[in-house]
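Undergrad: Pasting the sequence and the predicted model now:
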Amino acid sequence: QVQLVESGGGSVQAGGSLRLSCAASGDTYSARCMGWFRQAPGKASEGGSRIGSDGSTIYANSVKGRFTISKDNAKNTLYLEMTNLKPEDTGTYYCAADSVCGLRRVVEYNFWGQGTQVTVSS
């Protein structure tokens, strides 16, 4: 089992920045692929980004160029640096993990955190 705990959410004005963290514990071998996605009420999950065990990254078009995913392997901690935030970035951000990335969406990974709320006002 893998436990994921997110932190760093909050409220910010459009154009601002936030940094999310996700601490992984437990069977971290099963969390070699990690990612973020967001979910807003009444909407499908979106805005996914992920980082593989080799450090390779993939971003959804909606966040590409504005968000940066990174991982500190020594601390088993995943980060999401979000800049130039827009109101449409509002939602609950979830950290997710699995043993391999494959071709799946981040929302399909086996392990999720509890989520952290990000609110961007115009």
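TA: Nice, thanks for sending it over. Predicted model, so just to flag it, every value in this text is computed and none were measured.
Undergrad: what about the most centrally placed residue in the chain, which SS state?
TA: Nearest residue to the geometric centre of the chain (C-alpha atoms, centre = their mean): Trp36, 2.0 Å. Secondary structure, DSSP: H, G, I helix; E, B strand; the rest coil: Trp36 is strand.
Undergrad: quick one, strands of the chain?
TA: Secondary structure of the chain (DSSP state E): strands located at 2-7, 10-13, 18-26, 33-39, 46-51, 57-59, 67-72, 77-82, 91-98, 111-112, 116-121.
Undergrad: and of the ones you listed, who's closest to Arg105?
TA: Nearest of these to Arg105, taken as C-beta to C-beta: strand 46-51 at 5.9 Å. The way it works is simple: take the backbone N, C-alpha and C, and place the C-beta from them, glycine included.
Undergrad: What is the helix or strand of the chain with the lowest mean pLDDT packed up against?
TA: Least confident helix or strand, the chain: strand 46-51 with a mean of 92, by mean pLDDT, DSSP states H and E. For strand 46-51, the packing partners by 3 or more C-beta pairs under 8 Å, 6 or more residues apart in numbering; DSSP states H and E come out as strand 33-39, strand 57-59, strand 67-72.
Undergrad: My guess is the residue nearest to the centre of the chain contacts Tyr109. True?
TA: No - the pair Trp36 and Tyr109 does not pass the contact test of C-beta atoms under 8 Å, sitting 10.5 Å apart.
Undergrad: anything in contact with each of those two?
TA: Counting by C-beta atoms under 8 Å, 6 or more residues apart in numbering, the common neighbours of Trp36 and Tyr109 are Ala96.
Undergrad: ok so, going back, got the angle for the least confident helix or strand of the chain vs strand 77-82?
TA: Compare the direction of strand 46-51 with that of strand 77-82 by axes from the mean of the first three to the mean of the last three C-alpha atoms, to 10 degrees and you get 130 degrees.
Undergrad: got the angle between strand 46-51 and strand 91-98?
TA: Angle, strand 46-51 to strand 91-98, by the same axes, to 10 degrees: 40 degrees.
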